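Trainee: Sequence and computational prediction follow.
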Amino acid sequence: MDREKIQAYLKERNMHLITEDDDAAIAAIIRANLERYHLDIPGTAYFDPELDHLSRYYNGEPDERAYFILTDGSGQVIGGVGIADFPGFERCAEIQKLYVADGWKGRGYGRMLMKTIEEYAREAGFQRLYLETHSNLDVAMHMYEKYGFHLIGRPETVVHSTMDRFYMKEL
């Protein structure tokens, strides 16, 4: 998918593709969320080696990887969501690191991030979406189920070993 086309689409939604300037803010949001739910433990995104430099990971190869940053309109990072090819299933993308800062939750931003990532996945030619989460994140699981994701068994290719809920959605 053309990065310039993506940028124009995101700009209308107070969003943009991640840059190095966003790395510290989104890493702090992710860590704060995981700490709040007692998931600041090995086997979660909390200890991902690329967490402090997500822009390097998502702006590198392959092109299908992307991380969308959500701002409050003044430029303050308030959330984000990533997507990357998932090798466990054919033509499948994984939704990664969907987080919203605590002060901004309950305003529909999680839904907006989910809708954006789903539209991107369709445009990029993926046929299904996969995500992994933890049973501590009951609000997130409710949102995923509301958007048509269904529980599946644990895939062999799971990266975050502590995750205990796995979801799939056909596009």
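Mentor: All right, it came through fine.
Trainee: Quick check: next helix or strand after the lowest-mean-pLDDT helix or strand in the chain?
Mentor: Least confident helix or strand, the chain: helix 3-11 with a mean of 74, by mean pLDDT, DSSP states H and E. Downstream of helix 3-11, the next assigned helix or strand under DSSP states H and E is strand 15-17.
Trainee: Assign the most far-flung residue of the chain relative to its centre to helix, strand or coil.
Mentor: The C-alpha centroid of the chain is most remote from S74, which lies 22.0 Å away (Cα atoms, centre = their mean). Assigned with DSSP: H, G, I helix; E, B strand; the rest coil, S74 falls in the coil class.
Trainee: separation between it and N14?
Mentor: Counting by Cβ to Cβ, to the nearest Å, the gap from S74 to N14 is 9 Å. All C-beta spots, glycine's among them, are computed from the backbone N, C-alpha and C.
Trainee: and stretch 155-171, how far from the chain's centre?
Mentor: 13 Å (Cα atoms, centre = their mean, to the nearest Å).
Trainee: next one: stretch 140-156
Mentor: Worked out by Cα atoms, centre = their mean, stretch 140-156 lies 14 Å from the chain centre.
Trainee: Just the residues contacting it, thanks.
Mentor: The contact list for stretch 140-156 (Cβ atoms under 8 Å, 6 or more residues apart in numbering) reads 88-89, 98, 110-111, 114, 118, 129-131, 133, 135, 165-169.
Trainee: Check stretch 108-122 too.
Mentor: 1, 6, 10, 13, 15, 66, 68, 70, 78-81, 83, 93, 95, 98, 100, 129, 140, 143, 147, 169, 171.
Trainee: Buried members of the residues you listed into PyMOL, please.
Mentor: In PyMOL, a selection of the buried entries from these looks like this (16 or more other Cβ atoms under 10 Å):
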select buried, resi 6+10+15+66+68+70+78+79+80+81+83+93+95+98+100+129+140+143+169
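Trainee: Take the least confident helix or strand of the chain, keep the C-alpha atoms, and write them as PDB.
Mentor: Taking Å, rounded to 0.1, in the frame of the first residue of the first chain, the C-alpha atoms of helix 3-11 are listed here in PDB:
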ATOM      1  CA  ARG A   3       2.600   5.200   2.200                       C
ATOM      2  CA  GLU A   4       1.600   8.700   0.800                       C
ATOM      3  CA  LYS A   5      -2.000   7.500   0.400                       C
ATOM      4  CA  ILE A   6      -1.900   6.100   3.900                       C
ATOM      5  CA  GLN A   7      -0.600   9.400   5.300                       C
ATOM      6  CA  ALA A   8      -3.400  11.400   3.700                       C
ATOM      7  CA  TYR A   9      -6.100   9.000   5.000                       C
ATOM      8  CA  LEU A  10      -4.700   9.100   8.500                       C
ATOM      9  CA  LYS A  11      -4.300  12.800   8.600                       C
END
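Trainee: I appreciate the help and will end here.
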